[in-house]
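Chemist: Sharing a model prediction with you, sequence too.
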Amino acid sequence: MPSVPTPSKAGIVETHTGERHIPSSTRPDGSKRKEIKIRPGYKPPEDVEVYKNRTADAFKNRGSGGVPGAEGLKDDKDEGSAASNKNAKRREARKKAKAAEESGEKVKDESKEAEAKAESKAEEVDPEVEKEKKARNLKKKLKQARELKEKKEGGAALLPEQFAKVIKISELIRELDALGFDEEGEPKITKEEPAS
């Protein structure tokens, strides 16, 4: 059983006599391509092996190897990512809390104390200050919406988000009114009855 010669990357086949050629083939339209003879010694670019410079390869891969000789110093335990470390801490905290709950004791850690402080601060906030803060925010939004409305009336094209802001002008005015501020964001002057 004769061995079938394997073609090179360029499709060149070498016969048992040493002649080299590209075998004939059929085109998609059904016509035949002729067999192409290859001169002895010719090596097409597809068959030329790429030169590999060991020094250049070592330079390219210089950062991937780590410190030479340090492989034996690595711990068997994988450090993991920051998120997995955080999750592990949370699991440990839950286990401690559950154990303390079962024994009848309460465990206070820094995070619980911080939450308690934040809640107490939230309760101490002056409602008048919060009201003014919200009014300033609404005033800013109203100013932006009015500027966009002027742009639109000037003939400029608005993005869908900008158009939504223009639509909300009356809603912003209502919110300001509910907080006790006029359309310009200034506090409403309450009419006091003159003392007689």
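Modeler: Thanks, I have the structure now.
Chemist: C-alpha only now, for contacts and for neighbours.
Modeler: OK.
Chemist: before we move on, what SS does the most centrally placed residue in the chain have?
Modeler: Closest to where the C-alpha atoms of the chain average out (Cα atoms, centre = their mean) is residue 83, at 16.0 Å. Reduced to three states with DSSP: H, G, I helix; E, B strand; the rest coil, the structure at residue 83 is helix.
Chemist: Show the pLDDT at it.
Modeler: Predicted confidence (pLDDT) for residue 83: 80.
Chemist: Could you report the separation of it from residue 89?
Modeler: 10 Å (Cα to Cα, to the nearest Å).
Chemist: One more: residue 126?
Modeler: Counting by Cα to Cα, the gap between residue 126 and residue 89 amounts to 37 Å.
Chemist: Residue 14 too?
Modeler: From residue 14 to residue 89 the distance is 68 Å (Cα to Cα).
Chemist: Could you check which of these two has the larger neighbour count?
Modeler: Neighbours per residue, other Cα atoms under 10 Å: of residue 14 and residue 89, the larger number sits with residue 14, 18 against 12.
Chemist: Just give the nearest non-adjacent residue to the more buried one, would you?
Modeler: Leaving aside its sequence neighbours, residue 14 sits nearest to residue 20 (Cα to Cα, 6 or more residues apart in numbering; 4.4 Å).
Chemist: before we move on, what about residue 162?
Modeler: Using Cα to Cα, 6+ apart and skipping residues adjacent in sequence, the residue nearest residue 162 is residue 148, 6.9 Å away.
Chemist: Is it correct that the one you found is in contact with residue 161?
Modeler: No - with contacts counted by Cα atoms under 8 Å, residue 148 stays clear of residue 161, the gap being 10.7 Å.
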